[in-house]
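**Q** Sequence plus predicted model, see below.
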Amino acid sequence: QWCHGEENNIVYTLAKDLDVLSPSINSYDAFQCYSPTLSLDKEIMEQIYVIADNIVNDVEVLESSKENFGDYFSKRFTAKVTEEFGNECSPELINALLEWIHKFHACLNACPTWYDLSAKGILEYQSCEGNYYLQWRNKGYKTIIDILMKKFPYFQKAIPINDKIILNKVVTKIKLNKFDDIIVLCEDGSSYNAKKVLVTLPLGVLKQMKESLFEPQLPLNKLKAIDGLGFGTVNKMFLKFPVQWWLKDPKGISIIWSERDSAFALENFHHGPTQNRKSWLENIFGFYPIDSHSNMLLVWVVGLDVNKIGCISDDILISGLLFVLRYFVGSRYPDIPNPISILSSNWHLDPYAYGSYSYRSMMSEKMNVFASDLESPVNINGRPVLMFAGEATSSHQYSTVHGAISSGFREADRIINMFEKIEPKGKL
């Protein structure tokens with residue numbers, strides 16, 4: 001949805017001179033939070049955001065931490081907020097704020113819970129300096145594919161490679177042999193011979209197919225990396241309304257659930273899954289405007305129940321989202337209309353994804369595995385023949401499109417360099 005940053009961001013480098021990017025109205029660094037049962041003093045909330053930010057960016061403490069991120073953050077946040085505000089912040093408010101911040105980091109990292117996320121591991125990610133929320137106006141992120149293929153801005157100058165791209169081919173087996181030849185077998189019975197193969201499958205697919213896709217089986221270090229690196233789901237729902245009714249909240253509506261709010265939802269909305277006496281509605285993090293569609297709100301859905309939510313019918317989804325909106329901000333907006341339509345992502349159900357993006361998990365720490373282990377090629381006779389690319393292979397830009405694209409260039413360079421050593425220059 002966004003180009004995240006400018007410096008050392010290949011997406012920005014490719015697009016910056018083509019007049020396709022603009023700053024987003026929603027920078028996700030200032031939130032208007034709502035709860036019908038909690039007093040959310042604006043001045044105190046702003047100070048609390050600063051406290052949370054300081055804890056997340058305390059590099060010295062994080063570097064030596066052996067904790068999961070949930071434990072690391074909760075202890076420090078509770079102690080600091082209690083120290084700063086005393087009775088002004090009740091235990092109920094602190095717990096509700098912790099749960100909202102929990103959802104925020106589950107959204108950033110695609111982890112089921114922040115107890116699955118390594119505190120030390122989050123330091124591996126490196127943000128790109130510059131505007132972190134550059135939006136594609138009404139063109140969408142698919143524009144970057146057209147830019148890469150030189151179809152944009154001038155279609156006539158497109159790279160003539162369409163006849164080299166074969167679509168609708170489901171690969172079922174990649175066979176390597178000691179003679180450096182690789183055979184790629186497809187579901188429809190077709191096969192392809194190659195000297196080099198670059199695998200760009202999402203980590204979720206590799207986790208599902210690591211034992212059946214490759215023959216012989218991948219090396220142990222590669223299997224460990226696939227098992228140990230985290231891969232989770234963040235789902236988006238897009239609600240389209242007949243009018244833009246949220247004008248008093250141009251940066252969106254963030255939902256903070258108190259224990260009383262949770263109880264009310266469980267008692268009054270009986271549709272959809274529940275777990276541990278919590279409604280699926282509690283997985284809703286907030287409702288946020290979309291730059292290119294003025295009558296549409298983006299709903300972030302995260303957490304342990306996110307996979308179950310993907311199985312809920314559109315009618316129940318709409319009913320549940322409206323229940324949340326009217327409960328949390330109905331007094332502020334008494335005439336919230338029914339949506340015209342809803343569109344939901346279900347990445348965990350997609351057999352070509354099985355999730356959204358990777359993160360550094362506690363299992364990554366335990367197994368001592370890194371993106372570089374997934375990145376490293378498989379060799380035959382001392383020569384790389386099976387390469388890997390994709391966001392999960394990026395050591396410092398994982399979970400992003402620019403990390404994925406950079407990894408593709410990295411492996412393309414690797415393959416070109418290998419052939420240049422074999423063939424005299426000018427022969428390729």
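**A** Alright, I've got the coordinates. Numbers count the residues shown, from 1 in each chain.

**Q** What mean pLDDT does the longest helix along the chain get?
**A** Longest helix in the chain, counting residues (DSSP state H): helix 401-422. The average of the pLDDT scores along helix 401-422 is 92.

**Q** Quick one: mean pLDDT for stretch 260-271?
**A** 96.

**Q** Could you find the closest non-adjacent residue to Phe47?
**A** No Phe there; residue 47 is Gln. Spatial nearest neighbour of Gln47, chain neighbours left out: Glu84 (7.0 Å); criterion: Cβ to Cβ, 6 or more residues apart in numbering. From N, CA and C alone the C-beta is placed, and that goes for glycine too.

**Q** whoops, I mixed them up, Gly272
**A** Trp280 (4.6 Å).

**Q** what about the one you found, neighbour count?
**A** 23 (other Cβ atoms under 10 Å).

**Q** Need the pLDDT of it.
**A** pLDDT, Trp280: 94.

**Q** try Ile309
**A** The model's pLDDT for Ile309 equals 87.

**Q** distance of it from Ser118?
**A** 26 Å (Cβ to Cβ, to the nearest Å).

**Q** what sits opposite Asn235 in the beta ladder?
**A** Val301 (DSSP bridges).

**Q** What residues of stretch 328-346 count as buried?
**A** Phe328, Val329, Tyr333, Pro339, Ser344, Ser345 (16 or more other Cβ atoms under 10 Å).

**Q** Now render those as JSON lines, adding pLDDT and secondary structure.
**A** Shown next, in JSON lines, are those (pLDDT from 0 to 100; DSSP: H, G, I helix; E, B strand; the rest coil):
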{"residue": "Phe328", "pLDDT": "97", "secondary structure": "helix"}
{"residue": "Val329", "pLDDT": "97", "secondary structure": "helix"}
{"residue": "Tyr333", "pLDDT": "97", "secondary structure": "coil"}
{"residue": "Pro339", "pLDDT": "97", "secondary structure": "coil"}
{"residue": "Ser344", "pLDDT": "93", "secondary structure": "strand"}
{"residue": "Ser345", "pLDDT": "92", "secondary structure": "coil"}
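
**Q** And the furthest pair within those?
**A** Greatest spatial distance among the buried residues of stretch 328-346 (Cβ to Cβ): Tyr333 and Ser345, at 25.9 Å.

**Q** picking that back up, okay, the buried residues of stretch 328-346 in CSV with distance to Pro216 next?
**A** CSV is the format used below for the buried residues of stretch 328-346 (distance: Cβ to Cβ, whole Å):
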residue, distance to Pro216
Phe328, 55
Val329, 58
Tyr333, 61
Pro339, 52
Ser344, 40
Ser345, 36
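
**Q** residue ranges with poor pLDDT in the stretch 151-300 of the chain?
**A** Along the stretch 151-300 of the chain, no part satisfies pLDDT under 70.

**Q** what ranges do the helices span in it?
**A** Taking DSSP state H, counting those that start in this stretch to define them, one finds helices in the stretch 151-300 of the chain at 203-209, 220-228, 259-268.

**Q** contacts for the shortest one?
**A** Yep, that's helix 203-209 we're talking about. Helix 203-209 is contacted from outside by 199, 201, 213, 226-227, 229, 231, 347-348, 351-355, 358, 374, 390, 392, using Cβ atoms under 8 Å, 6 or more residues apart in numbering.

**Q** Can you tell me which of those residues are buried?
**A** So, by 16+ other Cβ under 10 Å, the buried ones in the contacts of helix 203-209 are 199, 201, 213, 226, 229, 231, 347-348, 353-355, 358, 374, 390, 392.
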